[in-house]
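In: The sequence and its predicted three-dimensional model are supplied below.
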Amino acid sequence: MIVSPLAARMAAEAGIDLRSLQGSGPGGRIIKRDIEAVISKPAVAPAPSYVQQAGASAYRDEPASQIRQTIAKRLVTSLGPVPHFFLTTEIEMDRAAEMRKGINALDPELKISINDIIIKVAAAALIQHPEVNASFQEKIVRYYEHADMGVAVAIEDGLITPVVRAADQKSLSQIAAEVRELAERARSKRLKPEEYTGATFSVSNLGMFGIDEFTAVINPPEGAILAIGAM
């Protein structure tokens, strides 16, 4: 399913299930006029259903893992105290894709991904713009000498961000190998706390799941996060 970013936003705001639509754009892409057509149709109210509630629902308690506790604490201290503003742009990635293809053709063992390239480029940009590679520490602003990049990885306990330390000083092959190792250890719950805390900036990529655009949550004390959609 291919959806334009504008159509995706309109569908989300109107509560429309994109899976029920047939796109009229090129290649079956769901575009603005497809959403407008659904919105303009009169809504059909569903038949009411009633369930008698005998009492409060039964429940069970499970101890939260250390990783889940850390994730929860980060989220609680993010959107509330941290001022957010969001910027969105589309970037031409043809040359990056060609470079990745060429590198992997020379050495298939490297297995460079588009995400590895984004991490490397973002790390280099942070060194050029130190005001972004910084965090507010009550009475001081802390500027970091290196770009410690948090890389979002989905695990059973939620979303965790293992850290590639000093990514600005590492090659693409080093970043690719480290990201694979960290992701594998994260999914097998073998990461140490210092390996998923203390990043200076994070990258969250949902493009491989066909997501065109999304809003990522900043991980304090980081000052920013980069959300990557589909290419």
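Out: On my side now, so go ahead. The structure displayed is predicted, hence computed values, not measured ones.
In: Tell me the helix or strand right after the lowest-mean-pLDDT helix or strand in the chain.
Out: When each helix and strand of the chain is scored by mean pLDDT, DSSP states H and E, helix 66-76 comes last, with a mean of 71. Scanning forward in sequence from helix 66-76 by DSSP states H and E, the next helix or strand is helix 94-106.
In: got the buried residues for that following helix?
Out: Using 16 or more other CB atoms under 10 Å as the test for burial, helix 94-106 gives 100, 103. Where C-beta positions appear, they are placed from N, C-alpha and C, glycine not excepted.
In: Can you name the residues that contact residue 223?
Out: For residue 223, the contact set (CB atoms under 8 Å, 6 or more residues apart in numbering) comprises 132, 133, 134, 135, 136, 201.
In: show me what contacts residue 6?
Out: 31, 32 are the contacts of residue 6 under CB under 8 Å, 6+ apart.
In: any idea how far residue 25 is from it?
Out: From residue 6 over to residue 25 the distance is 11 Å, taken as CB to CB, to the nearest Å.
In: just residue 1 next, same as before
Out: 12 Å.
In: Please say which of those two ends up with more neighbours.
Out: For residue 1 and residue 25, the more surrounded residue by other CB atoms under 10 Å is residue 25, and the numbers stand at 15 against 11.
In: The more buried one and residue 35 touch, don't they?
Out: No: using CB atoms under 8 Å, residue 25 is not in contact with residue 35; the gap is 11.3 Å.
In: wait, isn't residue 19 in contact with residue 30?
Out: No: the criterion here is CB under 8 Å, and residue 19 misses it with residue 30 at 10.1 Å.
In: before we move on, the earlier item: so which of the contacts of residue 223 is the closest to residue 220?
Out: The nearest member of the contacts of residue 223 to residue 220, counting by CB to CB, is residue 135 at 7.8 Å.
In: Go ahead and flag the most central residue of this structure.
Out: When CA atoms, centre = their mean is applied to the chain, the residue found nearest the centroid is residue 204 (2.7 Å).
In: and the strand or helix carrying it, what does it pack onto?
Out: Assigned by DSSP H and E, residue 204 falls within strand 201-205. Where contact means 3 or more CB pairs under 8 Å, 6 or more residues apart in numbering; DSSP states H and E, strand 201-205 is packed against helix 114-128, strand 149-151, strand 225-228.
In: What residues sit buried inside the longest one?
Out: Using 16+ other CB under 10 Å as the test for burial, helix 114-128 gives 114, 115, 116, 117, 118, 119, 120, 122, 123, 126, 127.
In: which residues touch it?
Out: Contacts of helix 114-128 (CB under 8 Å, 6+ apart): 93, 96-97, 99-100, 132-133, 146-147, 149, 151, 164, 167-168, 170, 172, 175-176, 179, 200-201, 203, 205, 207, 226, 228, 231.
In: Please name every helix or strand in contact with the next helix or strand along the chain from it.
Out: Toward the C-terminus, helix 114-128 is succeeded by strand 134-137 as the next helix or strand (DSSP H and E). If you count contacts as 3+ CB pairs under 8 Å, 6+ apart, strand 134-137 packs onto strand 140-143.
In: check which helix or strand covers residue 33.
Out: Element membership for residue 33, per DSSP H and E: helix 32-40.
In: if we can go back for a sec, dump the strand holding residue 204 to CSV, restricted to CA.
Out: Taking C-alpha atoms only, strand 201-205 is exported to CSV below (Å, rounded to 0.1, in the frame of the first residue of the first chain):
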residue,chain,number,x,y,z
PHE,A,201,20.9,12.3,19.4
SER,A,202,18.7,9.5,18.1
VAL,A,203,17.5,8.1,14.8
SER,A,204,14.2,6.3,14.5
ASN,A,205,13.5,4.7,11.1
